[in-house]
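Undergrad: Got a predicted model here, sequence first, then my questions.
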Amino acid sequence: MNNKPKVGVYVCHCGINIAKTVDVNAVTEFASHLPNVKVARNYSYMCSDPGQLLIREDIKNEGLNRVVVASCSPRMHELTFRKTLAEAGLNPYYLEMANIREQCSWVHEDRERATGKAKKLVAAAVSKVRLLEPLQEKEVEVEPATLIIGGGIAGIQAALDIANAGFKVYLVEKTPSIGGRMSQLDKTLPTLDCSACILTPKMVDVASHPNIELFTYSQVEDVSGFVGNFQVKVRRKARYVDMDKCTGCGACAQECRLSGRIPSEFDVGMGKRGAIYLPFPQAVPAKYTIDAQRCLFLTRGKCGKSPKCIDACAAGAINFEQKDEMIEFKVGAIIVATGFDVFDASRKPEYGYNDYVNVITSLELERLVSASGPTGGNVVIGTGEEAFVPKEIAFIKCVGSRDKSVGNEYCSRVCCMYTAKLAHLVEEKIPGANVRVYYMDVRAFGKGFEEFYDRVRREGIRYIRGNPSEIFKRGDKLVIKVENTLTSTPMEDEVDLVVLAVGLEPRKDAREIIDLLRLSQSADRFFLEAHPKLAPVDTATDGVFLAGCAQGPKDIPDTVAQAKGAASSALVLLSSGRVKVQAQISFINEATCRGCGFCVEICPYGAIELVTVNRMGHQVSVARVNEALCKGCGACAAGCLSGSSQQKSFMDRQILPQIAVLGVMK
Amino acid sequence: MKEQFEPNVVAFLCNWCSYAGADLAGTSRIQYPSNLNVIRVMCSGRVNPLFVINALQQGADGVLISGCHPGDCHYMEGNFYARRRFTLMKELLEYVGVDSRRFNMSWVSASEGSKWKDVVQGVVEKAKEAGPFEQFRRNKINW
């Protein structure tokens, strides 16, 4: 077959996105004189149907066997144009793109220089495309199961959707119960329906679903493999309670010597628990857990004569001999739904969160207004004789959000509305309460949000525009120092309770997930999606999807929607049953390989091994690539002493001409 | 008046972090000098030290290798290899008398569009200071 390169170059105007700064006609004219170029054309939108048709027609009529598209980033449209080539019967890997939009027309203003750079980039692409070789895409089977990390509403929804579609789900939750942040909320906004009432049925569904295997109090320790074939290791931490025997009666918790003495994580410190505990009454699974860091018997080896929980448990479920358990399984897809942490209010010392008992966070208030909370739904501040019901209540918004001084430039999106909701609930619970809200802006952007905001203002909640600078104590009142920025009046307001509407932050242990799954973070430190608009649940790691606040602050409806999106993306993978693996992988020229084994050591995936072959009657050792394991990073190719290891489409002899063009052309 | 020297810089960017960061700079319309041209590789670990020599031989006045932040490599450890090779390479180039301002490495993540601008400006500025590179020049494209 005559495979003399016949290159077609297609320069895209991208409307005016490229054409405004780059003289596309000049670039086309220049390209038409480059070696091996048969045709060079430009068109307003190469990615459009007629644009692609242009390429297909030329392949047919002009006998093109290589294509260069000079347009946007290959990260945007490489797959589109590969498909175009394939449709015209050409190997899809005979394509090279010149990025003259993101890395040229959009970043340079000088038309002459931008045009010059575009010419260079096109010439470099032509120099490479001539030397590209056809590649075959291989497919592997997809393990029909999904791992979901995080058992909040995002993880729960994704798990149910995938399980209902008939695929296996492994749901791993770090804490003793699923439910996540939503289970801590009293009411949801703007409809004011009870959070637990809508969440708990879903939690129960998860626990009873035949396709869902639930691992609570567990952590993902290791993930290896690749899309379609991930190997997962999960550590199921010892609860010191036999899950099969525990009936959830709670007799142990009542008897525990530390009962009511340990701050409850679920009640964010507003309530107390024992060393053996159920995080909250509706917990799923409804099984008790012993806190190994607190339990007297586990920390000191002694708890009175014998641990009271053992005596109290009629089912004999307490087992201090229990050990962590390692579980391994295979999945085809992974959904990360690890949620968020609330902003630590002590990082804004001017608000006195650490100093005054009557400065609390919104999540703490959420527990106080909750009927199942530590105060039975009464807003009571302090304990014992000091306890009081506040009458003058102030909310401060944007605490830890939209605040560069704490490194959080972003808006947390939920605070405006949960503040309105909490203000409404407080006013409802405390007769005669006087509630005011200090705000920078009110962002009521969702369905029914503006109406709700309007409603609470009509209920008499005062909105004061101003960002308080300081809170201090005067007598038994708190003084808020603030400037009303609408009237330019400095004020000192005296109140009984300050509620800090804290923002959302990435989980403190997000780093572990990043290391586990090779995820990236965006500038706000939340997990980075593959594309902010068109791939909002995908990540750069194939087969790994994002759901919920792990990707960025969002409210419950958005979280559920995204979880359904992630579930659908995972299902696309699982139900197709097969996935294409990377074609641009490494290979070894066994004729020149000297079997030194450097590449074996370099390969991060253990994809290269030394094998013995017969070379002209001699048994010699050479390296060989396991194509199923190779991910195509090319590290081996850079390390090979004899140049025998090469990466397909990124071979030395394909990259060196690019370097020459970019270097020599001025 | 002498025309100001405009250096020519060749950059090798990994597909997942730095190339994506450079794309983000574009999407955000952040302006930077046009003296730097990018060659995309899948991982900074793919950059053979030979490429660097070649670039300098073929007319580049400066070279940049940019990858994911240490620990964030899409291929687990490719950028560590790149860093090690860079360190050795830099010493070698200094030994043969190449101005160390010509050879640079940076970490730019997919979300650091504005950092990419800073990196380009810095690298181009350094190459400008170092002046035209004339040692072991070849100046011919072997098509």
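TA: Great, that's in hand. Numbering: from 1, shown residues only, chains lettered A, B, ... in the order given.

Undergrad: how's chain A carved up into domains?
TA: By the assignment in automatic domain parsing, chain A contains the domains A:7-135, A:145-237+A:324-339+A:507-578, A:251-312, A:340-505, A:586-648.

Undergrad: Dump these to a markdown table, plus mean pLDDT, distance to chain B and mean neighbour count.
TA: No exception for glycine: its C-beta is placed from N, CA and C like everyone else's. A markdown table is the format used below for those (pLDDT from 0 to 100; distance: least, CB to the nearest CB, whole Å; neighbours: other CB atoms under 10 Å in any protein chain shown):
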| stretch | mean pLDDT | distance to chain B | mean neighbour count |
| --- | --- | --- | --- |
| domain A:7-135 | 96 | 3 | 21 |
| domain A:145-237+A:324-339+A:507-578 | 95 | 4 | 21 |
| domain A:251-312 | 94 | 28 | 19 |
| domain A:340-505 | 95 | 12 | 18 |
| domain A:586-648 | 93 | 3 | 18 |
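
Undergrad: Just send the ones you listed back as a markdown table, with distance to residue A:664 too.
TA: Shown next, in a markdown table, are the domains of chain A (distance: least, CB to CB, whole Å):
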| stretch | distance to residue A:664 |
| --- | --- |
| domain A:7-135 | 10 |
| domain A:145-237+A:324-339+A:507-578 | 34 |
| domain A:251-312 | 64 |
| domain A:340-505 | 43 |
| domain A:586-648 | 23 |
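
Undergrad: Residue A:632 touches residue A:584, doesn't it?
TA: Yes: under the criterion of CB atoms under 8 Å, residue A:632 makes contact with residue A:584 at 4.7 Å.

Undergrad: what touches both of the two?
TA: A:647, A:648, B:42 (CB atoms under 8 Å, 6 or more residues apart in numbering or on different chains).

Undergrad: partner residues bridging the spatially most central residue of chain B?
TA: What sits nearest the mean C-alpha location of chain B, by CA atoms, centre = their mean, is residue B:64, with 1.1 Å. Bridge pairing for residue B:64 (DSSP bridges) gives the partners residue B:11, residue B:104.

Undergrad: ok, it - contacts?
TA: B:9, B:10, B:11, B:12, B:36, B:104, B:105, B:106, B:119, B:123.

Undergrad: And it, how far from residue A:665?
TA: Per CB to CB, to the nearest Å, residue B:64 is found 18 Å from residue A:665.

Undergrad: cool, residue A:470 as well?
TA: Distance from residue A:470 to residue A:665, by CB to CB: 61 Å.

Undergrad: again, but for residue A:462
TA: Between residue A:462 and residue A:665 the distance is 67 Å, computed by CB to CB.

Undergrad: And for residue A:265?
TA: From residue A:265 over to residue A:665 (counting by CB to CB), the distance is 62 Å.

Undergrad: before we move on, what about residue A:80?
TA: Computed as CB to CB, the residue A:80 to residue A:665 distance reads 28 Å.

Undergrad: With residue A:193 instead?
TA: In terms of CB to CB, residue A:193 sits 65 Å off from residue A:665.

Undergrad: swap in residue A:568?
TA: Counting by CB to CB, the gap from residue A:568 to residue A:665 is 47 Å.

Undergrad: likewise residue A:436?
TA: Distance of residue A:436 to residue A:665, computed by CB to CB: 66 Å.

Undergrad: Same check on residue A:194?
TA: Separation of residue A:194 from residue A:665 (CB to CB): 68 Å.

Undergrad: Could you do residue A:647 as well?
TA: 25 Å.

Undergrad: What of residue A:637?
TA: Counting by CB to CB, the separation of residue A:637 from residue A:665 is 26 Å.

Undergrad: One more: residue A:624?
TA: Distance from residue A:624 to residue A:665, by CB to CB: 39 Å.

Undergrad: Now residue A:657: which helix or strand?
TA: Residue A:657 belongs to helix A:652-664 when elements are defined using DSSP states H and E.

Undergrad: Can you list the neighbours in contact with that helix?
TA: Under the contact criterion CB under 8 Å, 6+ apart, helix A:652-664 has outside partners A:120, A:123-125, A:127-128, A:130-132, A:637, A:643, A:646, B:8, B:10, B:37, B:39, B:41, B:48, B:50-51, B:54-55, B:57-60, B:139-143.

Undergrad: if I pick residue 111, what's in contact with it?
TA: Reading this off chain A. By CB under 8 Å, 6+ apart, the residues touching residue A:111 are A:21, A:22, A:23.

Undergrad: um, chain B though
TA: Neighbour list for residue B:111: A:520, A:521, A:522, A:523, A:528, B:21, B:24 [criterion: CB under 8 Å, 6+ apart].

Undergrad: hmm, try it at 7 Å
TA: A:521, A:522, A:523, A:528, B:24 (CB atoms under 7 Å, 6 or more residues apart in numbering or on different chains).

Undergrad: again with residue B:61
TA: B:7, B:8, B:9, B:102, B:127, B:130, B:132, B:133.
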